[in-house]
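*Asks:* sequence-free structure coming up:
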């Protein structure tokens, strides 16, 4: 998969490295801004089983 992406990016190795870095940053941004806030209520991280005693 990564080889396919690398072959289809334009430019030489430096341009490909820059474009791939920007793509990774864009994916991380989308995950933190949209995907994780959407999925947070669906995850059981706030379900604690310890009672107050």
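*Replies:* Received it, and whenever you're ready, just let me know what you need. Here the structure is a predicted model, which means the values were calculated and not measured. Residues are numbered from 1 along each chain as shown.
*Asks:* would you map the helices across the chain?
*Replies:* 2-8, 13-30, 36-39 (DSSP state H).
*Asks:* can you lay out those as CSV showing distance to residue 51, mean neighbour count and mean pLDDT?
*Replies:* Where you see a C-beta, it was placed from the backbone N, CA and C, and this is true even at glycine. CSV is the format used below for those (distance: least, C-beta to C-beta, whole Å; neighbours: other C-beta atoms under 10 Å; pLDDT from 0 to 100):
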stretch, distance to residue 51, mean neighbour count, mean pLDDT
helix 2-8, 48, 9, 88
helix 13-30, 38, 11, 95
helix 36-39, 28, 10, 91
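*Asks:* out of those, nearest to residue 49?
*Replies:* helix 36-39 (21.8 Å; C-beta to C-beta).
*Asks:* which residue comes closest to residue 20 once chain neighbours are left out?
*Replies:* Distances taken as C-beta to C-beta, 6 or more residues apart in numbering place residue 9 nearest to residue 20, at 6.4 Å, with adjacent residues excluded.
*Asks:* okay, the helices of the chain in CSV with distance to residue 49 next?
*Replies:* Output for those, formatted as CSV (distance: least, C-beta to C-beta, whole Å):
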stretch, distance to residue 49
helix 2-8, 41
helix 13-30, 33
helix 36-39, 22
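*Asks:* of those, which is nearest residue 47?
*Replies:* When the helices of the chain are compared (using C-beta to C-beta), the closest one is helix 36-39, at 15.0 Å.
*Asks:* OK, contacts around residue 15?
*Replies:* Contacts for residue 15 (C-beta atoms under 8 Å, 6 or more residues apart in numbering) come out as residue 9.
*Asks:* and residue 45, how far is that from residue 3?
*Replies:* Remark: distance between residue 45 and residue 3 (C-beta to C-beta, to the nearest Å) = 36 Å.
*Asks:* what does residue 9 give?
*Replies:* Residue 9 is 11 Å from residue 3, by C-beta to C-beta.
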